[in-house]
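> attaching a predicted model along with its sequence, questions to come.
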Amino acid sequence: METKSKNKSKKTNTSSKKTIVKAKKSAAEGLRELFVDALKDIYWAEKALVKALPKMAKNASNENLVNAINDHLEITKNQVTRVEEVFESIGEKAVAKKCDAMDGLITEGKDILKETEHGAVRDAGIIAASQKIEHYEIASYGTLVAFAKTLEETKAVKLLEETLAEEKDADSILTEAAYNSINFDAADSEKEKEDEDEDKDEDEKK
């Protein structure tokens, strides 16, 4: 009975070792390195958004949504500068490292433009894609604030909290846009299309 228990323990230990991912040579060893790596990610992400947002604005049809995207574009440009200030405050050079998560979210946003007709339905898709981006940024900046507090980087905390508040505001604006008119317009558009299809079917039967 004891032998079986030992064997089982050995198997568990072996399987645990197999699931541990081997770190690459450049892997972060301390919280400060992890913090800097995360900053590099969000720096790339914000710069990528500055390039992606104008296309979103051009493809939106609702005036309020267009204005919201353009307003956030200007805010995002300021956020890029603010991240650079965070780097400076901790004595690091501002370097961007490709953020796979943001790259994927921006690609998804571009795909939505191809998969929807221009109008209310596309507007709803743009809001959905934009809110996914905002939620990612809120999570990222929330983590960065926590890291900065732990590392006692007071100036960095203040700068990052400012951006976090802006991202939360942007998410609220998008939610308001979605529930006030755009999603309902998209639903009406879908209903009109269904009615047209039904009328066509009836005409064909006649």
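Done, it's in.

> neighbours of Q131, how many?
With neighbours defined by other Cβ atoms under 10 Å, the count for Q131 comes to 16. In short, each C-beta sits where N, CA and C put it, glycine included.

> just to check, it is in contact with L174?
Yes - if you go by Cβ atoms under 8 Å, Q131 and L174 touch, sitting 5.2 Å apart.

> what touches both of these two?
Counting by Cβ atoms under 8 Å, 6 or more residues apart in numbering, Q131 and L174 have no contacts in common.

> wait, what's in contact with the spatially most central residue of the chain?
Central residue of the chain (Cα atoms, centre = their mean): I133, 2.4 Å from the mean position. Residues in contact with I133 (Cβ under 8 Å, 6+ apart) are 49, 102, 105-106, 109.

> mind putting the residues you listed into a markdown table with secondary structure and neighbour count?
Shown next, in a markdown table, are the contacts of I133 (DSSP: H, G, I helix; E, B strand; the rest coil; neighbours: other Cβ atoms under 10 Å):
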| residue | secondary structure | neighbour count |
| --- | --- | --- |
| L49 | helix | 23 |
| M102 | helix | 22 |
| L105 | helix | 22 |
| I106 | helix | 21 |
| G109 | helix | 22 |
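
> let me know the closest of these to S140.
M102 (8.8 Å; Cβ to Cβ).

> what's the closest non-adjacent residue to that closest one?
A45 (3.7 Å; Cβ to Cβ, 6 or more residues apart in numbering).

> I'd say that neighbour and E134 touch.
No - counting by Cβ under 8 Å, A45 stays clear of E134, with 11.6 Å between them.

> the chain: helices as residue ranges?
2-19, 31-59, 63-89, 100-115, 120-150, 154-177, 183-205 (DSSP state H).

> can you point out the buried residues in the longest one?
Going back to what we said before, that points to helix 120-150. 120-127, 129-131, 133-134, 136-138, 140-141, 143-145, 147-148 (16 or more other Cβ atoms under 10 Å).

> how far does it sit from its chain's centre?
Between the centre of helix 120-150 and the centre of its chain there are 4 Å (Cα atoms, centre = their mean, to the nearest Å).

> and the angle for that helix with helix 154-177?
Between helix 120-150 and helix 154-177, the angle comes out at 160 degrees (axes from the mean of the first three to the mean of the last three Cα atoms, to 10 degrees).

> quick one: mean pLDDT for helix 120-150?
Average pLDDT, helix 120-150: 95.

> also stretch 155-166?
Per-residue scores along stretch 155-166 average to 98.

> return the set of buried residues in it.
For stretch 155-166, by 16+ other Cβ under 10 Å, it's 156-157, 159-161, 163-164, 166.

> and if you look at stretch 171-179?
Buried residues in stretch 171-179 (16+ other Cβ under 10 Å): 171, 173-174, 177-178.

> same deal with stretch 54-63?
Buried-residue list, stretch 54-63, by 16+ other Cβ under 10 Å: 56-57, 59-60, 62.

> restricting to C-alpha, output it in PDB.
Provided in PDB are the C-alpha atoms of stretch 54-63 (Å, rounded to 0.1, in the frame of the first residue of the first chain):
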ATOM      1  CA  PRO A  54      -8.700  57.000 -37.900                       C
ATOM      2  CA  LYS A  55      -9.800  54.000 -40.000                       C
ATOM      3  CA  MET A  56     -12.500  53.100 -37.400                       C
ATOM      4  CA  ALA A  57     -13.800  56.800 -37.400                       C
ATOM      5  CA  LYS A  58     -13.900  56.800 -41.200                       C
ATOM      6  CA  ASN A  59     -16.000  53.700 -41.300                       C
ATOM      7  CA  ALA A  60     -18.500  54.700 -38.600                       C
ATOM      8  CA  SER A  61     -21.800  56.300 -39.800                       C
ATOM      9  CA  ASN A  62     -23.200  57.600 -36.500                       C
ATOM     10  CA  GLU A  63     -22.000  61.200 -35.800                       C
END
